[in-house]
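[1] dropping a prediction and its sequence here:
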Amino acid sequence: MLSNICLFSGNANRRLSENISNNLNVPLAKSLVSRFSDGEIRVKIEENVRGRDVFVIQPTCVPVNDNLVELLVLIDALKRASADRITAVIPYFGYARQDRKDQPRVPITAKLVANLITVAGASRVLTMDLHAGQIQGFFDIPLDNLYGINSFLEYFSLQGFIGNGDIVIVSPDVGGIKMARGYAKRFGSALAIIDKRRISPVSTEAVHILGDVKGKNAIIVDDIIATGSSLVEAVKALKNAGCKKVFAAITHGVLSRDASDKLQDSPIDEVVITDTIPLPPEKKRPKIKVISVASIFAEAIKRIHLAQSISILFDFIQQ
Ligand code: R5P
């Protein structure tokens, strides 16, 4: 049934690719991704892909530029090898933060990256929890944006935190309200919002909490944790406001600079991230828990291949 699928992995997150491959019971196809002596990326597809339905798995996480170029070069090689259809599976879509011209003389880098992926030869894109919904419109090819919420719901249900009425879902800033509303609805819980004022690109200050959080267990939801500033400020504000335990459910663990230490040293009880981005040993901390979204990607790949609806995987968010 899935025999015409061809799965390729770049170097960005091989473990996730292997998990997706195991879930689908489709082996990873052979490719050689190495370097020329000056650091340029060199790719060779080592299997016949003529007429195949190809999926290339590569999040554009750190090292962002290398991983992005590797994805582009892989797609180009597959196109020139006559693959029938190429889906760029980008579990974490980087370069998403410059998504509009909000100041004079700034680029819209997310649009530039969308153009690059399309020109390289991708037929469609599969990703998860895009930083901004409008990025879908930057592509003139189909894009499916999955959501990590089901994995988080399963995790927190197993911990016994769902359905007992004392959970409040918290958005760490006003921009995250839509995502948090989706979680609150799905978790059957209350909603609160942190009125975050950003002081500089690397530090934030949480000012105000909108909603009732006293005596509740809070789950802060967000798409990205980068420096950890937004999250740590939110946690402090929630604890000061009388929250019992504070957790975070954050899809993409970018965890730049000293973010892991900052979280470990903060009053947060647990930060749950997914494996869209690999967590290297030096960033592991007891308070950081990783859950896998491999099965969601595997299901989406299967459904795309079989031309079945995948809206069942994210219907709730549009309600
Ligand atoms: C903001 O719009 C995002 O959803 C995240 O809250 C933000 O990117 C996190 O950044 P940091 O961890 O550096 O505060």
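    In hand now; what should we look at?
[2] only C-alpha atoms from now on, for both contacts and neighbour counts.
    Fine.
[3] domain-wise, how is the protein divided?
    Domain segmentation of the chain under automatic domain parsing yields 5-146+294-313, 149-291.
[4] weakest of these by average pLDDT?
    If you rank the domains of the chain by mean pLDDT, domain 149-291 sits at the bottom with a mean of 91.
[5] ok, and does it reach over to the ligand?
    Yes - under the criterion of C-alpha under 6 Å from any ligand atom, the ligand is reached by domain 149-291 at V202, D222, D223, I224, I225, A226, T227, G228, S229, S230.
[6] in strands, which of the residues you listed fall?
    D222, D223, I224, I225 (DSSP state E).
[7] tell me who's in contact with the first one.
    Right, the one you point to is D222. Listed by C-alpha atoms under 8 Å, 6 or more residues apart in numbering, the contact partners of D222 are S171, P172, G176, M179, A180, A248, A249, I250, T251.
[8] one more time with 10 Å
    Going by C-alpha atoms under 10 Å, 6 or more residues apart in numbering, D222 touches 129, 131, 170-173, 175-177, 179-180, 230-231, 248-252, 273.
[9] turn the ones in strands among the residues of domain 149-291 next to the ligand into CSV, columns for distance to A83.
    Below are those laid out as CSV (distance: C-alpha to C-alpha, whole Å):
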residue, distance to A83
D222, 36
D223, 33
I224, 33
I225, 36
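[10] closest to D140 out of the residues of domain 149-291 next to the ligand?
    D223 (23.7 Å; C-alpha to C-alpha).
[11] number of residues surrounding the closest one?
    Neighbours of D223 under the rule other C-alpha atoms under 10 Å: 21.
[12] I'd guessed D140 sits against R124; true?
    Yes - D140 sits in contact with R124 when judged by C-alpha atoms under 10 Å, with a separation of 9.0 Å.
[13] common neighbours of these two, please.
    Common contacts of D140 and R124 (C-alpha under 10 Å, 6+ apart): T118.
[14] quick one, strands of the chain?
    5-9, 31-35, 41-45, 53-57, 85-90, 124-128, 143-146, 167-171, 190-200, 203-210, 217-225, 246-253, 270-274, 288-291.
[15] among these, show me which one is buried the most.
    With neighbours defined as mean count of other C-alpha atoms under 10 Å, the strands of the chain peak in mean count at strand 167-171, which reaches a mean of 29.
[16] helices or strands up against it?
    In terms of contacts (3 or more C-alpha pairs under 10 Å, 6 or more residues apart in numbering; DSSP states H and E), strand 167-171 is packed against helix 177-187, strand 190-200, strand 203-210, strand 217-225, helix 229-240, strand 246-253.
[17] what packs against the last one?
    With contacts taken as 3+ C-alpha pairs under 10 Å, 6+ apart, strand 246-253 sits against helix 149-158, strand 167-171, strand 217-225, helix 229-240, strand 270-274, strand 288-291.
[18] and the second one, by the same measure?
    The contact analysis (3+ C-alpha pairs under 10 Å, 6+ apart) places strand 190-200 against strand 167-171, helix 177-187, strand 203-210, strand 217-225, helix 229-240.
[19] at 6 Å instead, please
    strand 167-171, strand 203-210 (3 or more C-alpha pairs under 6 Å, 6 or more residues apart in numbering; DSSP states H and E).
[20] show residues contacting the shortest one.
    Here strand 167-171 makes contact (C-alpha atoms under 6 Å, 6 or more residues apart in numbering) with 177, 180, 184, 189-193, 216-221.
[21] relative to V119, how far out is S151?
    Using C-alpha to C-alpha, to the nearest Å, S151 is found at 33 Å from V119.
[22] coming back round to it: out of the helices and strands packed on strand 167-171, flag the one nearest I277.
    strand 246-253 (6.3 Å).
[23] that closest one: partners in the sheet, and parallel or antiparallel?
    With DSSP bridges as the test, strand 246-253 is paired with strand 217-225 (parallel), strand 270-274 (parallel).
[24] can you list those in JSON lines and add distance to L146?
    JSON lines is the format used below for those (distance: least, C-alpha to C-alpha, whole Å):
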{"stretch": "strand 217-225", "distance to L146": "12"}
{"stretch": "strand 270-274", "distance to L146": "13"}
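[25] nearest to L32, out of those?
    Going by C-alpha to C-alpha, the one of these nearest L32 is strand 270-274, 27.1 Å.
[26] so what touches the closest one?
    Contacts for strand 270-274 (C-alpha under 6 Å, 6+ apart): F247, A248, A249, I250, T251, G253, K287, I288, K289, V290, I291, S292.
[27] contacting residues for the last one?
    This means S292. Neighbouring residues of S292 by C-alpha under 6 Å, 6+ apart: T274, D275.
[28] let's go with 10 Å and repeat that
    S292 sits in contact with L16, N19, I20, G148, S151, F152, I273, T274, D275, T276, where contact means C-alpha under 10 Å, 6+ apart.
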